[in-house]
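**Student:** Need a 3D model of the sequence below.
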Amino acid sequence: MVDFEIKDCYKFEDLLRIMEILRAPDGCMWDREQDHHSIRRNFIEETYEVCEAIDDEDTEHMKEELGDVLLQVVFHAQMEKEKGTFDIDDVADGICKKLIFRHPHIFGNVEVASSEEVLKNWDDLKRKEKHQETDTQALESVAKSLPSLIRAEKLQKKAAKVGFDWDNVKDALDKVQEELDEVRRAIDGDGDPEEEIGDLLFASVNVARHLKIDPEAAAEKTCNKFVSRFAEMERQATAAGKKLADLSLSELDALWDSAKHEEHA
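**Tutor:** Numbers count the residues shown, from 1 in each chain. Below you'll find the predicted structure:
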């Protein structure tokens, strides 16, 4: 039996103690076997589950999923504590210092008149903090592990700050058409289809950004819409005693149109 008090209500220090117990030589075999890389995907998945709870406006679910994300933070910090490099207090110290440094209008004597000024100061201080002397370094600081649409938007926003941007959404949309034409040529053998598809997606993100639309959220909404319409197609096919896989393309198109109509009815 481990030396740990069972309680009705636990606090943050209890979570730290539980993680120490799980990672101890006589702790949980699975937890002891993990390293940063083996649980990296868990961190990503738990973060997305928090996002889903936020989208659903489900506070109970969000509370649970935030706990799962917090576990990942504690897990990684405990691994480094065992190596003697840093612990959770060092993590807290770092983020506290960062927040104080990047909010001089709160913790210093800088005056701001709007949220826009706050964000500009944040970006300027971030570059100073990270010793980014060139605009390219600012682009390179955008995490490569981000979902591609989010990364594309962040790269474009940083480039726009130095004037590298389309004047208006029409020009950005014209670029989408240009990239679409290049995709068509690549399919016919003139160019790399993968590269041209990437260029088309990147150009589409630019249009979304000019329209102040979150491209990741827009893509997610479309994915959800596709699933919903597909489910309606299958419902209608099943009601007619048929399976989707047995239908012709024209029949599937007709079901899709019907599903769209039901969606807007």
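**Student:** so what pLDDT did the closest residue to Val142 other than its chain neighbours get?
**Tutor:** Excluding the flanking residues, the one nearest Val142 by C-beta to C-beta, 6 or more residues apart in numbering is Lys154, at 4.8 Å. Quick note: C-beta positions are derived from backbone N, CA and C, even for glycine. Lys154 is assigned 93 on the pLDDT scale.
**Student:** Lys154: neighbour count?
**Tutor:** Here the number of neighbours of Lys154 (other C-beta atoms under 10 Å) works out to 17.
**Student:** In three-state terms, label it for me.
**Tutor:** helix (DSSP: H, G, I helix; E, B strand; the rest coil).
**Student:** Show me the protein divided up by domain.
**Tutor:** Structural domains annotated on the chain: 12-85, 145-213, 217-264, as defined by automatic domain parsing.
**Student:** for those, which one ends up most surrounded?
**Tutor:** domain 145-213 (a mean of 15; mean count of other C-beta atoms under 10 Å).
**Student:** In JSON lines: the domains of the chain, plus distance to Leu125.
**Tutor:** Listed next are these as JSON lines, based on distance: least, C-beta to C-beta, whole Å:
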{"stretch": "domain 12-85", "distance to Leu125": "24"}
{"stretch": "domain 145-213", "distance to Leu125": "14"}
{"stretch": "domain 217-264", "distance to Leu125": "28"}
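**Student:** Quick check: which of those domains is nearest to Glu111?
**Tutor:** domain 145-213 (22.0 Å; C-beta to C-beta).
**Student:** how far does the closest one stretch from start to finish?
**Tutor:** Distance between the boundary residues of domain 145-213 (C-alpha to C-alpha, to the nearest Å) amounts to 22 Å.
**Student:** Looking at the domains of the chain, spot the one closest to Asn121.
**Tutor:** When the domains of the chain are compared by C-beta to C-beta, domain 145-213 sits nearest Asn121, at 13.4 Å.
**Student:** which residues touch stretch 115-124?
**Tutor:** Residues outside stretch 115-124 that contact it (C-beta atoms under 8 Å, 6 or more residues apart in numbering): 102, 104-105, 110, 112, 161.
**Student:** redo that, cut-off 7 Å
**Tutor:** 102, 104-105, 110, 112 (C-beta atoms under 7 Å, 6 or more residues apart in numbering).
**Student:** Need the three-state assignment for the closest residue to Lys243 other than its chain neighbours.
**Tutor:** Distances taken as C-beta to C-beta, 6+ apart put Ala237 closest to Lys243, at 6.5 Å, once the chain neighbours are dropped. With three-state DSSP as the basis, Ala237 sits in helix.
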